[in-house]
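# Generate a structure from the sequence data that follows.
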Amino acid sequence: MASIQNVSHTPLPTATLSWQQKLQQRVLFLLKQEPNSAHLSEAVLRTTVTTLIDQALKEIAPPISTPHIYEKQKQRLLDELLGLGPLEALLKDESITEIMVNHYEEVYVERAGVLALHPLTFSSEHTLRNIVERIVAPLGRRIDEACPIVDARLPDGSRVHAIIPPLSLRGTALTIRKFPKKPIDVHAMIASSTLNQSLLEYLNTAISEHKNIIISGGTSTGKTTLLNLLAQFIPDKTRVITIEEAAELQLQHAHLIRLEARPPNTEGKGEITVRELLRNALRMRPDRIIIGECRGGEALDILQAMNTGHAGSLTTLHANSPLDALTRLETMSMMANIPLPLAAIRAQIASAIDIVIHMQRCQNGQRIVSAVHQLCDLKEGTFLTQPLFQSTNRTAQTRHVH
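Numbers count the residues shown, from 1 in each chain. The predicted structure is shown next:
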């Protein structure tokens, strides 16, 4: 669980906020009077809105008249009308890995695994809601009372989740998971004590020997980051197919096919699940299959793929320990609605899975590989595992177990 730091929360003064809301309403009114405003290009629209803001400022005097504050509020209004409001600055800040909007006046960010309350706020619930709609509209999604939950992705690949009233009682809640724009740096992960050189070399060898690997851990423990790292060790000539609920992996392989699931449309039709994509991927002659995250019945399909000529495949799942990861695989395999006895499912798991890597996020925000277990056998219905690596404490690097 991430720790939370308190920082000074300095929302806009009430007078300034009221003035900005009035100014925004005035600009929107003037924009509606513009001919063909709904069909303007983005560049022309931005120029038009900038002109209208200047016009509205002459009609509605700002409570603070210093040039610096004046320009700052003008840019804030422009971002809220055409961009993503306060999110613009947060998305550009590469030190921020996650943005959590609990309420239009309450925004948290995560830096280096530590949560902190951010001074930036939205001017109103209406503004926040409009920004969410602006995010999902280009993707053919909608968010309203009929569809109050939406998952989307920003152009830079950041993952977006939003939920609105009546399900969210305090107002619109928005979560954005950002991903690094640069490829995963092995040296940086060693320097941050996510893993050590000995473990890195072992995992490199495991990939080259086509071991089937599961990466487990809780939410935001670094599972996808480690999956990206391990995928770098796959030989470039290998035909790799990735399958994800929302595309997050950043593989650079020459022989790569990326597949992404599709949610149902506004009529509740057209959904393509991870499981359907996996079945089709098996007809595309993959050497290795990488599933971003196992969540349901596709677990049984990936086990069968691992057991039928697709060795060296990888996936992640949520679990509290390596053994719990194997138990979760059982449960998800039963969600495939295929009448297999539990003994047969366990036999599939024991035959398919070679290594379970468990990730942990420490109280100081550090993400580490806390354990690596090898699945050795199945005896009397019980998985027998051999610990290969385990963390020495909650913040230290892993050490080899002899």
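# how about low-confidence regions in the stretch 301-402 of the chain?
Applying pLDDT under 70 to the stretch 301-402 of the chain flags the ranges 392-402.
# can you give me the strands in it?
314-318, 355-361, 367-379, 382-391, 398-400 (DSSP state E, counting those that start in this stretch).
# how far away is Phe233 from Asn204?
Going from Phe233 to Asn204 by CB to CB, to the nearest Å gives 5 Å. C-betas here are computed from N, CA, C, even on glycine.
# swap in Leu28?
Separation of Leu28 from Asn204 (CB to CB): 56 Å.
# returning to what we had before: among the strands of the stretch 301-402 of the chain, which is nearest Cys294?
Judged by CB to CB, the one of the strands of the stretch 301-402 of the chain that comes nearest to Cys294 is strand 314-318, at 4.6 Å.
# what does that closest one rub up against?
Residues outside strand 314-318 that contact it (CB atoms under 8 Å, 6 or more residues apart in numbering): 212-219, 223-224, 227, 230-231, 288, 290-295, 299, 302, 325, 328-329, 332.
# again, only this time at 6 Å
Under the criterion CB atoms under 6 Å, 6 or more residues apart in numbering, residues Ile213, Ile215, Ser216, Lys223, Leu227, Ile290, Ile291, Glu293, Cys294, Ile302, Arg328 lie in contact with strand 314-318.
# ok, now stretch 237-248?
Stretch 237-248 has contacts (CB under 6 Å, 6+ apart) with 153, 159, 179, 224, 249, 253, 255-261, 274, 277-278, 281, 286-292.
# rerun at 7 Å
151, 153, 157, 159, 179, 224, 234, 249, 251, 253, 255-261, 274, 277-278, 281, 284-293 (CB atoms under 7 Å, 6 or more residues apart in numbering).
# Flag every buried residue along that stretch.
Within stretch 237-248, the residues that qualify as buried are Val240, Ile241, Thr242, Ile243, Glu244, Glu245, Ala246, Ala247, Glu248, counting by 16 or more other CB atoms under 10 Å.
# low pLDDT regions in the stretch 51-200 of the chain?
For the stretch 51-200 of the chain, the ranges with pLDDT under 70 are 61-70, 73, 183.
# for it, what spans make up the helices?
Assigned by DSSP state H, counting those that start in this stretch, the helices in the stretch 51-200 of the chain fall at 67-82, 87-92, 125-136, 186-191, 197-208.
# all strands of the stretch 1-150 of the chain, in order?
Under the criterion DSSP E, counting those that start in this stretch, the stretch 1-150 of the chain contains strands at 4-5, 96-103, 106-111, 114-118, 149-153.
# Can you tell me which of those strands is nearest to Ile357?
Taking CB to CB as the criterion, strand 96-103 is the member of the strands of the stretch 1-150 of the chain that comes nearest to Ile357, at 20.6 Å.
# can you tell me which of the buried residues of stretch 237-248 are in strands?
Among the buried residues of stretch 237-248, the ones falling in strands (DSSP state E) are Val240, Ile241, Thr242, Ile243, Glu244.
# Any chance of those residues in JSON lines with pLDDT and distance to Gln24 as columns?
As requested, those are arranged in JSON lines below (pLDDT from 0 to 100; distance: CB to CB, whole Å):
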{"residue": "Val240", "pLDDT": "95", "distance to Gln24": "48"}
{"residue": "Ile241", "pLDDT": "96", "distance to Gln24": "47"}
{"residue": "Thr242", "pLDDT": "95", "distance to Gln24": "42"}
{"residue": "Ile243", "pLDDT": "95", "distance to Gln24": "43"}
{"residue": "Glu244", "pLDDT": "92", "distance to Gln24": "37"}
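# Between those residues, which sits nearest Leu82?
Nearest to Leu82 out of these is Glu244 (CB to CB; 30.3 Å).
# Report the separation between the closest one and Val114.
According to CB to CB, Glu244 stands 27 Å off from Val114.
# Export the strands of the stretch 301-402 of the chain as CSV, with columns for distance to Leu195 and mean neighbour count.
Shown next, in CSV, are the strands of the stretch 301-402 of the chain (distance: least, CB to CB, whole Å; neighbours: other CB atoms under 10 Å):
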stretch, distance to Leu195, mean neighbour count
strand 314-318, 16, 22
strand 355-361, 9, 24
strand 367-379, 5, 20
strand 382-391, 8, 16
strand 398-400, 6, 16
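# Those strands: which one's closest to Glu267?
Nearest to Glu267 among those is strand 314-318 (30.9 Å), distances taken as CB to CB.
# orientation of that closest one relative to strand 240-244 in degrees?
Using axes from the mean of the first three to the mean of the last three CA atoms, to 10 degrees, the direction of strand 314-318 lies 20 degrees away from that of strand 240-244.
# ok so, going back, out of the ones in strands among the buried residues of stretch 237-248, who's nearest Thr48?
Comparing these against Thr48 with CB to CB places Glu244 closest, at 38.7 Å.
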